[in-house]
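Participant: predicted coordinates and the sequence they were generated for:
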4 protein chains.
Amino acid sequence: MEQVYRLTISCPDRVGIVAKVGEFVSSHGGWIIEANHYADTSVELGGSGWFFMRHCIKANSLPFGLAEFREKFAAIAEEFGMDWQINDSAQAKKIILMASKESHCLSDLLHRVHSKELFCEIPCVISNHDDLRSMVEWHGIPFFHVPVDKNNKQEHFDRVNSIIAEHKADSIVLARYMQILPAEICQQYAGQVINIHHSFLPSFAGAKPYHQAAERGVKLIGATCHYVTEELDAGPIIDQDVMRISHRDSIEDTVRLGKDVEKQVLARGVRSHVEDRVLLHGNKTIVF
Amino acid sequence: MEQVYRLTISCPDRVGIVAKVGEFVSSHGGWIIEANHYADTSVELGGSGWFFMRHCIKANSLPFGLAEFREKFAAIAEEFGMDWQINDSAQAKKIILMASKESHCLSDLLHRVHSKELFCEIPCVISNHDDLRSMVEWHGIPFFHVPVDKNNKQEHFDRVNSIIAEHKADSIVLARYMQILPAEICQQYAGQVINIHHSFLPSFAGAKPYHQAAERGVKLIGATCHYVTEELDAGPIIDQDVMRISHRDSIEDTVRLGKDVEKQVLARGVRSHVEDRVLLHGNKTIVF
Amino acid sequence: MEQVYRLTISCPDRVGIVAKVGEFVSSHGGWIIEANHYADTSVELGGSGWFFMRHCIKANSLPFGLAEFREKFAAIAEEFGMDWQINDSAQAKKIILMASKESHCLSDLLHRVHSKELFCEIPCVISNHDDLRSMVEWHGIPFFHVPVDKNNKQEHFDRVNSIIAEHKADSIVLARYMQILPAEICQQYAGQVINIHHSFLPSFAGAKPYHQAAERGVKLIGATCHYVTEELDAGPIIDQDVMRISHRDSIEDTVRLGKDVEKQVLARGVRSHVEDRVLLHGNKTIVF
Amino acid sequence: MEQVYRLTISCPDRVGIVAKVGEFVSSHGGWIIEANHYADTSVELGGSGWFFMRHCIKANSLPFGLAEFREKFAAIAEEFGMDWQINDSAQAKKIILMASKESHCLSDLLHRVHSKELFCEIPCVISNHDDLRSMVEWHGIPFFHVPVDKNNKQEHFDRVNSIIAEHKADSIVLARYMQILPAEICQQYAGQVINIHHSFLPSFAGAKPYHQAAERGVKLIGATCHYVTEELDAGPIIDQDVMRISHRDSIEDTVRLGKDVEKQVLARGVRSHVEDRVLLHGNKTIVF
């Protein structure tokens, strides 16, 4: 993979954005190797009237680095009222993983990072149980066991919060962590905390979704990867998928089959996040 | 397709059911060409403890017809407390279709019947609008336009009910009929009325499910084929499926994409019903 | 759907294309509501080194029509060595459908056009059998029965060719036409003839693909929508899909199940073609 | 999971098989908790005329164990000319894994065994490279590095063969082993060696299937899990699946995306094999 700068922009739509950004990049010799645009419908038609774009520019085609890019681009950004960022694909994002006792999502993500399929740095894993320590440590990654029970939630999350701060994490991935994050953490890391919920949301939010699914007699089960917000299982959805089940599948079968959907959907969502493919707008995502 | 008798059985599970039924069939020379069994887990394990089976027996391998089969089999059925029926595959089920203005599900079902892909008889189509008359009549099927508005619901459903009765329908398929059936009809035709709902239930029950889906920002849309019960969109599910959408898809795109899922899921559900593949148990289905 | 001009461009990749095109459009006040770009990897990395784009520009945002657009844009197109075209979304493409005896694909496409789900004009249907005449004529579309046998192939295709010419068709869709087009027609209408093949190509090209699939014992069957070239079932693929089958499915079941995949894949491919979403490059397609 | 005996039977179809087997089981008090039957169509209709069944009988409902079951059942088996076996679900199958350098399939299978999602014993892993030793040994499983090059193939496979024999393996799984097994091993372990091929067979057999797929411009990639026979990539298929790709996906993307399909399809195939769900007939499988 060649080194690129990933420029993402959200702003109110109007004539001339693509031209202006394109002209800026090409005037400095920048070579765009991947470009995505999306214009939501106008406000009169029930849309937001916003415009979203993501450009990958070959790093070595530009005569300057990120700092200078940011400086030079600021005027355009201001003119169009852009929410924007630019990142260097060679700079690994720091992602803290949080888990509980179930290993499938954690093991899957660790393997993808280990085998260089997913490019990011895992500064540490935090868990409220000690079960997965050996698996994590085999990967050479520090493991923090921070127990939690109904009497020490505040203390638990204070410790979690300080570990996150210490490791200067860019993002946090809840790989079946099974605890509800307090509102402060949701707010402090808004758009940076990714969860996998083991149902096709909005069906079966909350506890024991596979049991809820069995109770209702659905013919497909699913999983949803979403950003965490204060409202449980209600944040912006990044990716979802489903798997067919039948009357033959017991709850145990369903739980087992669901694991495969969970880990795939989580891995896809994390990859999109890591590659700056997800643009947030209100409670929705644009995934380029 | 060779002519078969389709025997379906539901009863409390215990040792010897398969042996007894198998022995009965083979003692008369009956050749079973398709057999399905399912035993739900026992009550102690949280299941219903019921057993379900469906056998297709070559009609010409038996020395008697359905009437005599029913007579001879009655003792076994009683011994095991069976809910059971036996049908002749050569006897087309009579299915009344009900629609509104949207033609995709109706057109799809009519084509499947017309091209002999789906074996059943459509004695008539009932609609609260006159728009689809020509399409239906081209197939040589009577079309009843029974208008409805908020002031004549009782009258509308009385007329609908009498048309159903006149045509001696086995089943009714709501092919995007868009009206809520009154409780009397739901009860009278329990297990015989099939609906297609344009969402992946239990998400987005009720009105405008695609708008609800867009509002929530889901990444897959779906459709659900289910038996109608008094509670709206809450009856036993026969089949479901989904389709991937993205931020690019407007509401209009979503509605259009959804039509393909709706008609496929409905057609699959109706086929399963027509072939006596669906066994009902409480609010769940066993689909062999 | 608001009226747009659809601009599609293929050219060797280099710095400045997006900027130049964007600047041209915005300098005339053009509002881009949908934009797609794709840069194939460079020749050194094994790619073609080509760049592809598709823009939808609001027709009423430009001060001129297609003729003047073409005139003004010509200089840029020449500078970058572009293969390009611009079409008006309000101008229905004329698509001739060809079929044989099987009705599922034809019926599906006709219904989509009839219900305004697919925007195009069907000037006529040509078939080597008379079976589907009534279905076609119900839609108010002329039906040409042009019989073919092994002794009159030349005559058959001369007649087909003259019907196509008379109706000034933009494109031809082989909706299970089951005859091999002669090389002259393939060449004359290169990139304009779409076929549906009832297998997941390149597996099972040629005759009786479902029988070939059954023979091999595959667990999924498929369908492929592709542009027709002189080499049988080897042209550029527009879309493909599959469906799960099992040992339970007989050849008849497989043929029936396959129909649903065929008609869906064909409909998706035709829609992409109609909306100018398919860019051809060598034997591959870029589908925006 | 409660302990069951898994009885699988293949024999020429005729009246009375189900009755006879059912009567045998129930006469000894055997409780069947899962039953599958499949009758291929008769020879006149182009089928094999064979019958296949699989029963799971609660171990503690029978008054005897496997040895006595086998003895008592032998007369029935002979009467109907059955190929049959009965296995104890509590007896873990011994499965040797063979791999090369790619870790995704191996890691996935090891995790499923480790987390008790897949019930079998891995007596050892054999690889022609040493890269995956640490991963395997972390699981407490012996790792044999048996190098191979074009000059020592015979020696390599002699060593492989003796390791298999020493460990009394029931089956061998080629988890991206990338070497062609010699005919002797294929014959000796017929129906016991499972391979994952990284294409949707029969498309793209042999080397570099993803490159072949990219060359052809397909829109879906796939993977196939099959029993190994002497003819390369031509053995009976157990399971297959596909994943959508687009023009945007480079070869590297395709290889990466394909890994997810490979490991899922292999895991499903291995599970079916381990649970005695796969019945072989000629070059096809019945997967219950």
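Facilitator: Structure received.
Participant: look at A:L45 and report its pLDDT.
Facilitator: In this model, A:L45 is scored at 80, pLDDT.
Participant: mind checking how far whichever residue of the stretch 151-288 of chain A sits closest to chain C is from chain B?
Facilitator: Distances from the stretch 151-288 of chain A to chain C, computed as C-beta to the nearest C-beta, single out A:R244 as the nearest residue at 8.4 Å. Quick note: C-beta positions are derived from backbone N, CA and C, even for glycine. Taking C-beta to the nearest C-beta, to the nearest Å as the measure, A:R244 falls 9 Å from chain B.
Participant: please parse chain A into its domains.
Facilitator: Residue ranges of the domains in chain A are recorded as A:4-88, A:95-287, according to automatic domain parsing.
Participant: in the stretch 51-200 of chain A, which spans are strands?
Facilitator: Chain-ordered strands for the stretch 51-200 of chain A, with DSSP state E, counting those that start in this stretch as the definition, fall at A:83-88, A:95-99, A:125-127, A:143-145, A:171-174, A:193-197.
Participant: got a markdown table for those strands, with mean neighbour count and mean pLDDT too?
Facilitator: Putting these into a markdown table (neighbours: other C-beta atoms under 10 Å in any protein chain shown; pLDDT from 0 to 100) gives the following:
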| stretch | mean neighbour count | mean pLDDT |
| --- | --- | --- |
| strand A:83-88 | 15 | 98 |
| strand A:95-99 | 26 | 98 |
| strand A:125-127 | 24 | 98 |
| strand A:143-145 | 16 | 98 |
| strand A:171-174 | 24 | 98 |
| strand A:193-197 | 25 | 98 |
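Participant: let me have those in a markdown table, extended by distance to chain D.
Facilitator: Below are the strands of the stretch 51-200 of chain A laid out as a markdown table (distance: least, C-beta to the nearest C-beta, whole Å):
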| stretch | distance to chain D |
| --- | --- |
| strand A:83-88 | 20 |
| strand A:95-99 | 13 |
| strand A:125-127 | 15 |
| strand A:143-145 | 14 |
| strand A:171-174 | 18 |
| strand A:193-197 | 15 |
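Participant: need these in JSON lines with distance to C:G258, can you?
Facilitator: What follows is the strands of the stretch 51-200 of chain A, written out as JSON lines (distance: least, C-beta to C-beta, whole Å):
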{"stretch": "strand A:83-88", "distance to C:G258": "46"}
{"stretch": "strand A:95-99", "distance to C:G258": "44"}
{"stretch": "strand A:125-127", "distance to C:G258": "47"}
{"stretch": "strand A:143-145", "distance to C:G258": "51"}
{"stretch": "strand A:171-174", "distance to C:G258": "41"}
{"stretch": "strand A:193-197", "distance to C:G258": "35"}
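Participant: out of the ones you listed, nearest to B:V18?
Facilitator: strand A:193-197 (40.7 Å; C-beta to C-beta).
Participant: show me which residues of the stretch 101-250 of chain A are close to chain B?
Facilitator: Taking C-beta under 8 Å from any C-beta of the partner chain as the contact definition, the stretch 101-250 of chain A meets chain B at A:200-204, A:216-220, A:222, A:236-242, A:246-248, A:250.
Participant: repeat that with 7 Å
Facilitator: If contacts are counted using C-beta under 7 Å from any C-beta of the partner chain, the residues of the stretch 101-250 of chain A sitting beside chain B are A:200, A:202-203, A:216-220, A:236-237, A:239-240, A:242, A:246-248, A:250.
Participant: near chain C, which residues of chain A are found?
Facilitator: If contact is defined as C-beta under 7 Å from any C-beta, the residues of chain A in contact with chain C are A:15-16, A:18-19, A:22-23, A:25-26, A:29-35, A:37, A:39.
Participant: in helices only, show me the residues of the stretch 101-250 of chain A next to chain B.
Facilitator: The helices in this structure, assigned by DSSP state H, contain A:R216 from these.
Participant: contact partners for the residue located most distally from the centre of chain A?
Facilitator: Distance from the C-alpha centroid of chain A, by C-alpha atoms, centre = their mean, peaks at A:R248 (34.3 Å). The contact partners of A:R248, by C-beta atoms under 7 Å, 6 or more residues apart in numbering or on different chains, come to B:Y38.
Participant: what distance do you get for it to C:I245?
Facilitator: Distance, A:R248 to C:I245, using C-beta to C-beta, to the nearest Å: 18 Å.
Participant: ok, now A:C56?
Facilitator: With distances taken as C-beta to C-beta, A:C56 is found 41 Å from C:I245.
Participant: check A:Y177 too.
Facilitator: Distance from A:Y177 to C:I245, counting by C-beta to C-beta: 40 Å.
Participant: can you count the residues close to A:D131?
Facilitator: Counted with other C-beta atoms under 10 Å in any protein chain shown, the burial measure for A:D131 works out to 14 neighbours.
Participant: right, and it touches A:E102 too?
Facilitator: No - between A:D131 and A:E102 there is no contact under C-beta atoms under 7 Å: 9.1 Å.
Participant: how about A:W84, what does it touch?
Facilitator: The contact partners of A:W84, by C-beta under 7 Å, 6+ apart, come to A:L7, A:T8, A:I9, A:A77.
Participant: partners of it in the sheet?
Facilitator: Residues found in beta-bridge contact with A:W84 (criterion: DSSP bridges) are A:I9.
Participant: which residues of chain A fall in helices?
Facilitator: Assigned by DSSP H, the helices in chain A fall at A:17-27, A:66-80, A:104-114, A:133-138, A:153-166, A:183-188, A:209-216, A:251-274.
Participant: please identify the most buried of these.
Facilitator: helix A:104-114 (a mean of 23; mean count of other C-beta atoms under 10 Å in any protein chain shown).
Participant: by contact count, what packs against that helix?
Facilitator: On a contact count with 3 or more C-beta pairs under 7 Å, 6 or more residues apart in numbering or on different chains; DSSP states H and E, helix A:104-114 meets strand A:95-99, helix A:251-274.
Participant: hmm, 10 Å instead?
Facilitator: Under the contact criterion of 3 or more C-beta pairs under 10 Å, 6 or more residues apart in numbering or on different chains; DSSP states H and E, the helices and strands touching helix A:104-114 comprise strand A:95-99, strand A:125-127, helix A:133-138, strand A:171-174, helix A:251-274, helix D:104-114, helix D:251-274.
Participant: the inter-axis angle of that helix versus strand A:193-197?
Facilitator: On the basis of axes from the mean of the first three to the mean of the last three C-alpha atoms, to 10 degrees, helix A:104-114 is oriented at 130 degrees to strand A:193-197.
Participant: centre of the chain to helix A:104-114, how far?
Facilitator: Using C-alpha atoms, centre = their mean, to the nearest Å, we find the averaged C-alpha position of helix A:104-114 to lie 15 Å away from the chain's own average C-alpha position.
Participant: repeat for stretch A:6-18
Facilitator: For stretch A:6-18, the separation from the chain centroid amounts to 22 Å (computed by C-alpha atoms, centre = their mean).
Participant: got the CA positions of that stretch in PDB?
Facilitator: Backbone C-alpha positions of stretch A:6-18 (Å, rounded to 0.1, in the frame of the first residue of the first chain) are rendered in PDB as follows:
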ATOM      1  CA  ARG A   6      -6.600  10.900   3.500                       C
ATOM      2  CA  LEU A   7      -8.700  14.100   3.300                       C
ATOM      3  CA  THR A   8     -12.300  13.900   4.600                       C
ATOM      4  CA  ILE A   9     -14.700  16.800   4.300                       C
ATOM      5  CA  SER A  10     -18.300  17.400   5.400                       C
ATOM      6  CA  CYS A  11     -19.900  20.800   4.600                       C
ATOM      7  CA  PRO A  12     -23.200  22.300   3.300                       C
ATOM      8  CA  ASP A  13     -23.500  21.500  -0.400                       C
ATOM      9  CA  ARG A  14     -23.100  24.200  -3.000                       C
ATOM     10  CA  VAL A  15     -21.600  24.700  -6.400                       C
ATOM     11  CA  GLY A  16     -17.900  24.600  -6.700                       C
ATOM     12  CA  ILE A  17     -16.600  22.500  -3.800                       C
ATOM     13  CA  VAL A  18     -15.200  19.700  -5.900                       C
END
